[in-house]
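Asks: mind folding the following:
(one chain, ligands or ions: 1)
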Amino acid sequence: MKILVINCGSSSLKYQLIDMEDKKVLAKGLAERIGIEGGRVKYEAAGKDEIVIEEMLADHKAALKIVLDSLQHAEYGAVKSLDEIDAVGHRVVHGGEAFAESVIIDDEVMKAINDNVEIAPLHNPPNIIGIEACKEIMGDIPMVAVFDTAFHQTIPALNYIYALPYEYYEKYKVRRYGFHGTSHQYITGRAAEMLGKDLDDVNLITCHLGNGSSISAVVGGKCYDTTMGFTPLEGLAMGTRTGDMDPAIVPFIMDKENLSTEEMSNVMNKKSGVLGISGVSSDFRDLEEAAEKGNERAQLALDIFENRVRKFIGAYLTEMDHCDGIIFTAGVGENSISTRERVIDGLASLGIKIDRDKNDMRGKEAVISADDSSIPVLVIPTNEELKIAMETAKLV
Ligand code: ADP
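Replies: All right, here's what the predicted structure looks like:
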């Protein structure tokens, strides 16, 4: 079975064609700058050179058309015809309370995804456009929606209700939803396998640390708590997002700087986090380099980021009777040796210890804790595309 995985952003379309027999990626790539000058589609079939097609991409449909043409290209294609593709799996950011699992897309599902635009105005519209473009070009091929929020729907009310008037939950569905669910769920499954535990029996703290970051408390294989909230802005300090702060700061700054709600939202989403603190970059490699050269604010940004990761690990340990593993994943979690080391070194009072030699690697599945660590610490590279393909294959 061959599954096409599609992940649409507002001006981008990421894709992978995966053969489920051996979980091999047959082709992958990215269309970017959709709807603006300088559009291009990157395409790479397994074992072949990357191709870049530079062309104005009027909309997502135009981008998808080039992707599908490339996939069946006589010279560099990955399939002879589109008939070989059995189904399409779409990443959808917000499933709201309607979806605790992936679903086959039909009219009712589309309506529910559309209903969630109100609570996810930045995220769901591009996902909807991607689904519609696929439907137009690929006809009635089975399509599945895999939601970033679904894994978190098991979180109990004590962790999803905010201390606001309860009617805001009832009227506007203001509650914690959590994001990166596909990643947290994928590494939960892998961690259970690596630790030799039944999925229903495993308690974990999963740390997805990338440009956007979140940590989840997983109890009995199910999500019990997570750091992102109503939107992906809550929790850890991120590349450009604030994470937690006193909500009273929002009206105060809006007043002082004369900002509209949209402008303030832009500050909190795009100009804050480690970029805002350091003034250097949102990229952790740049920050590590600047800090090494003595840039104090870059060092402060890293310190703040790592300290919050530690604080949430500490907090989440109180939400489970024991913990079978602390897992690092995503760009920073998989690759930053120094971040992992400093986070774990700060947990010494809990008996959690890193093995410096084992930690000296990037981007591989490994146990990196010392043999006498009270809790095993693992690195598991995430694979959201594979998880989306697995969910799609399961449903169709
Ligand atoms: P996204 O949230 O966009 O999916 P990723 O999970 O790809 O993000 O993570 C991107 C982040 O990972 C960037 O800040 C990048 O600096 C960081 N990163 C990648 N490689 C390294 C590395 N070798 N050392 C430190 N940070 C790294």
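Asks: residues contacting the residue in the stretch 151-300 of the chain that the ligand sits nearest to?
Replies: Residue nearest to the ligand within the stretch 151-300 of the chain (Cβ to the nearest ligand atom): residue 210, separated by 2.4 Å. The way it works is simple: take the backbone N, C-alpha and C, and place the C-beta from them, glycine included. With Cβ atoms under 8 Å, 6 or more residues apart in numbering as the criterion, the residues that contact residue 210 are 239, 330, 331, 332, 333.
Asks: count the neighbours of the closest residue to the fourth one other than its chain neighbours for me.
Replies: By that I understand residue 332. Excluding the flanking residues, the one nearest residue 332 by Cβ to Cβ, 6 or more residues apart in numbering is residue 209, at 4.1 Å. Neighbours of residue 209 under the rule other Cβ atoms under 10 Å: 26.
Asks: just the pLDDT for the spatially closest residue to residue 346 that is not a sequence neighbour.
Replies: Using Cβ to Cβ, 6+ apart and skipping the chain neighbours, the partner closest in space to residue 346 is residue 310 (4.7 Å). pLDDT, residue 310: 98.
Asks: pull out the buried residues from the longest strand along the chain.
Replies: In the chain, assigned by DSSP state E, the strand with the most residues is strand 24-32. Neighbour-count burial for strand 24-32 flags 25, 26, 27, 28, 29, 30, 31, 32 (criterion: 16 or more other Cβ atoms under 10 Å).
Asks: what does stretch 74-81 give?
Replies: Within stretch 74-81, the residues that qualify as buried are 77, 78, 79, counting by 16+ other Cβ under 10 Å.
Asks: that stretch - what's its average pLDDT?
Replies: On average, stretch 74-81 scores 93.
Asks: give me the contact list for that stretch.
Replies: Outside stretch 74-81, the residues that touch it by Cβ under 8 Å, 6+ apart are 2, 17, 26-27, 43, 45-46, 48-49, 51, 70-72, 85.
Asks: next one: stretch 92-102
Replies: Counting by Cβ under 8 Å, 6+ apart, residues outside stretch 92-102 touching it are 89, 112-113, 115-116, 119-120, 123-124, 127, 131, 144-150, 153-154, 173, 175, 177, 179, 391-392, 394-395.
Asks: buried ones among these?
Replies: 89, 112-113, 116, 119-120, 123-124, 127, 131, 144-150, 153, 175, 177, 179, 391-392, 395.
Asks: re earlier: what is the neighbour count of the residue nearest to residue 346?
Replies: 17.
Asks: now the one helix or strand it maps to: buried residues?
Replies: Secondary structure assignment for residue 310, by DSSP states H and E: helix 296-317. The neighbour-count check on helix 296-317 (16+ other Cβ under 10 Å) flags 298-299, 301-302, 304-306, 308-310, 312-313, 316-317 as buried.
Asks: so which of those residues reach the ligand?
Replies: Taking Cβ under 6 Å from any ligand atom as the test, the ligand is in contact with none of the buried residues of helix 296-317.
Asks: OK, contacts around the residue most central in space within the chain?
Replies: For the chain, residue 180 is the residue whose C-alpha lies nearest the centre (Cα atoms, centre = their mean; 3.6 Å). Contacts for residue 180 (Cβ under 8 Å, 6+ apart) come out as 148, 208, 212, 214, 216, 228, 330.
Asks: for these, give me TSV that also has secondary structure.
Replies: Converted to TSV, the contacts of residue 180 look like this (DSSP: H, G, I helix; E, B strand; the rest coil):
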residue	secondary structure
148	coil
208	strand
212	coil
214	strand
216	strand
228	coil
330	helix
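Asks: turn these into CSV, including distance to residue 65 and pLDDT.
Replies: Listed next are the contacts of residue 180 as CSV, based on distance: Cβ to Cβ, whole Å; pLDDT from 0 to 100:
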residue, distance to residue 65, pLDDT
148, 26, 95
208, 33, 98
212, 30, 94
214, 34, 98
216, 37, 98
228, 34, 97
330, 31, 96
